[in-house]
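> sequence and computational prediction follow.
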Amino acid sequence: MTEADKLSLFFSNEFPFNKEGLEEFVTTFVIKSYKKGEIILENGAIENELRFLDEGIIREYYATNDREKNINFYTSSGFITDFSSFTHSTATRKYQECLTDVDLRVLSKDKFLTFTNQYQCGKLFIETIFQRIVVNKENEEFNHFVNTAEELYLEIMKNKHDWLLQIPQYHIASYLGITPETLSRIRKKI
């Protein structure tokens with residue numbers, strides 16, 4: 001499956017674009033490649049493009065001067081845009097770093113707005129994305145509040161097993177809010 005096919009398949013399955021609009025929309029994206037370790041989103045930046053992950057792994061995190069907290073990992077095809085920043089033109093508080101070499105499909109906000117004005121389907125796209133983000137964020141916050149690190153790790157084993165195969169353990173520990181040593185103890189126990 002080609003990278004353009006991944007984007008077309010994503011939209012065909014997830015959003016009700018008409019066929020002509022979908023083809024035009026998908027072909028408007030440009031390919032950008034990033035190297036391992038590159039930062040593609042920084043705290044304080046205003047998100048001005050839609051980014052769709054074709055290949056690679058990206059970690060999303062918050063950072064202060066003295067610590068970082070991983071909040072998500074992107075390991076499969078899908079949008080990685082900070083949609084809150086994108087739609088409201090506000091500064092993001094997140095960082096995104098490439099954990100491997102990464103290929104993205106990118107569309108500028110101006111081109112996206114031109115497309116949505118032409119086809120009037122972009123509003124549904126943004127509304128649906130926001131609904132998913134809110135539901136996922138609420139579930140994640142609830143799970144981090146009520147579950148122990150061990151229970152969260154078991155959930156990763158069950159629902160996000162690819163993380164355990166592709167992401168360094170110290171990043172998983174940060175996501176769980178524990179030290180790498182504590183994660184090692186949990187892994188030995190399980």
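Done, it's in.
> phi, psi for the residue most central in space within the chain please.
Geometric centre of the chain, nearest residue: residue 80, 3.4 Å, by CA atoms, centre = their mean. The phi/psi pair for residue 80 (degrees, to the nearest 10) reads phi -120, psi 10.
> this structure - how does it break down into domains?
3-146, 147-190 (automatic domain parsing).
> least reliable of these by average pLDDT, please.
Sorting the domains of the chain by mean pLDDT places domain 3-146 lowest, at a mean of 86.
> please identify the helix or strand for residue 145.
Assessed by DSSP states H and E, residue 145 sits inside helix 122-146.
> so how far is that helix off the chain centroid?
12 Å (CA atoms, centre = their mean, to the nearest Å).
> contact partners for the residue nearest to the centre of the chain?
51-53, 58, 60, 74, 96, 104 (CB atoms under 8 Å, 6 or more residues apart in numbering). For every residue, glycine as well, the C-beta is placed using N, CA and C.
> in space, what's closest to residue 57 - neighbours in sequence excluded?
Nearest non-adjacent residue to residue 57, counting by CB to CB, 6 or more residues apart in numbering: residue 99, 4.3 Å away.
> do the same with residue 147
Ranked by CB to CB, 6+ apart and with sequence neighbours excluded, the top spatial neighbour of residue 147 is residue 155, at 7.1 Å.
> now that neighbour: how far from residue 56?
24 Å (CB to CB, to the nearest Å).
> so the two - more neighbours on which side?
Shown here are residue 155 and residue 56; by other CB atoms under 10 Å, residue 56 has more neighbours (19 against 12).
> okay, buried residues for the next helix or strand after the helix holding residue 145 please.
Next helix or strand after helix 122-146 toward the C-terminus (DSSP H and E): helix 149-159. Buried residues in helix 149-159, counted by 16 or more other CB atoms under 10 Å: 149-150, 152-153, 156.
> for stretch 105-122, same thing?
105-107, 109, 111-112, 115-116, 119, 121-122.
> mark which of those residues are part of helices, please.
Among the buried residues of stretch 105-122, the ones falling in helices (DSSP state H) are 109, 111-112, 115-116, 119, 122.
> turn the contacts of residue 80 into TSV, including neighbour count.
Below are these laid out as TSV (neighbours: other CB atoms under 10 Å):
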residue	neighbour count
51	23
52	21
53	20
58	22
60	17
74	18
96	22
104	23
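> need the strands for this protein, in chain order.
Applying DSSP state E to the chain gives strands spanning 30-34, 39-41, 49-55, 58-63, 68-74, 78-79, 95-98, 102-108.
> turn the ones you listed into JSON lines, including distance to residue 86.
Formatted as JSON lines, the strands of the chain follow (distance: least, CB to CB, whole Å):
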{"stretch": "strand 30-34", "distance to residue 86": "16"}
{"stretch": "strand 39-41", "distance to residue 86": "11"}
{"stretch": "strand 49-55", "distance to residue 86": "7"}
{"stretch": "strand 58-63", "distance to residue 86": "14"}
{"stretch": "strand 68-74", "distance to residue 86": "16"}
{"stretch": "strand 78-79", "distance to residue 86": "10"}
{"stretch": "strand 95-98", "distance to residue 86": "13"}
{"stretch": "strand 102-108", "distance to residue 86": "11"}
